[in-house]
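Visitor: With the input below, show me the fold.
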Amino acid sequence: MKTLYLVRHAKSSWEEPGIPDSERNLTTKGIVKTGKIVGFLRQRNTSVGILVSSPARRALETARILADGLGYPVSGIRTERRIYDGSYDRILDIIYGTPNDLSSLMIVGHNPTLTNLANLFLHPGIENMPTSCVIALSFNVDAWEEIPAAEAIREFIVFPKMLK
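Guide: Numbering: from 1, shown residues only. Down below sits the predicted model:
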């Protein structure tokens, strides 16, 4: 069994005009809401085999909050440029290339790419992943590259507005 967690980065700031998109910081509200998501994931005993993030500051900051809250070593977060500036098929390459001895993978990235990727597996699909949203999908396979032939099991979709 393989479990894939797709995470959209937390709410980021647009208040600093002139800074590059990749350098935008999280807002305080985004940090707090991601903390709520961490609480939900901890209640579900979520375990992450490998955490891969876009190198954009807002995604990497989100990944660090998740890692810290889930007991994953922050120093073990892997960054992949393909998540920031690629299409979902480039993220599929990351998924299929995950070592098969790992049973779970968490990817922290951006919209619309993550929504499009999620909709490859979700039937019916979703319209949009809000900020700090996590979609958990499991696949009854032994190897990550076998996912295209497997039916995705929707474990959960959670975002901050769903949590009190």
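Visitor: which one is residue 135 nearest to, not counting chain neighbours?
Guide: Spatial nearest neighbour of residue 135, excluding adjacent residues (C-beta to C-beta, 6 or more residues apart in numbering): residue 6 at 4.6 Å. The way it works is simple: take the backbone N, C-alpha and C, and place the C-beta from them, glycine included.
Visitor: Beyond the strand or helix carrying the one you found, next helix or strand please.
Guide: Using DSSP states H and E, residue 6 falls within strand 2-8. Toward the C-terminus, strand 2-8 is succeeded by helix 28-43 as the next helix or strand (DSSP H and E).
Visitor: Distance from the chain centre to stretch 22-33, please.
Guide: 15 Å (C-alpha atoms, centre = their mean, to the nearest Å).
Visitor: start to end distance for it?
Guide: Taking C-alpha to C-alpha, to the nearest Å, the first and last residues of stretch 22-33 lie 21 Å apart.
Visitor: Quick check: buried residues in it?
Guide: For stretch 22-33, burial by neighbour count (16 or more other C-beta atoms under 10 Å) applies to 24, 26-27, 30-31, 33.
Visitor: pLDDT of it, averaged?
Guide: For stretch 22-33, mean pLDDT rounds to 91.
Visitor: The strand holding residue 6 vs helix 28-43, what angle?
Guide: Angle of strand 2-8 versus helix 28-43, following axes from the mean of the first three to the mean of the last three C-alpha atoms, to 10 degrees, is 160 degrees.
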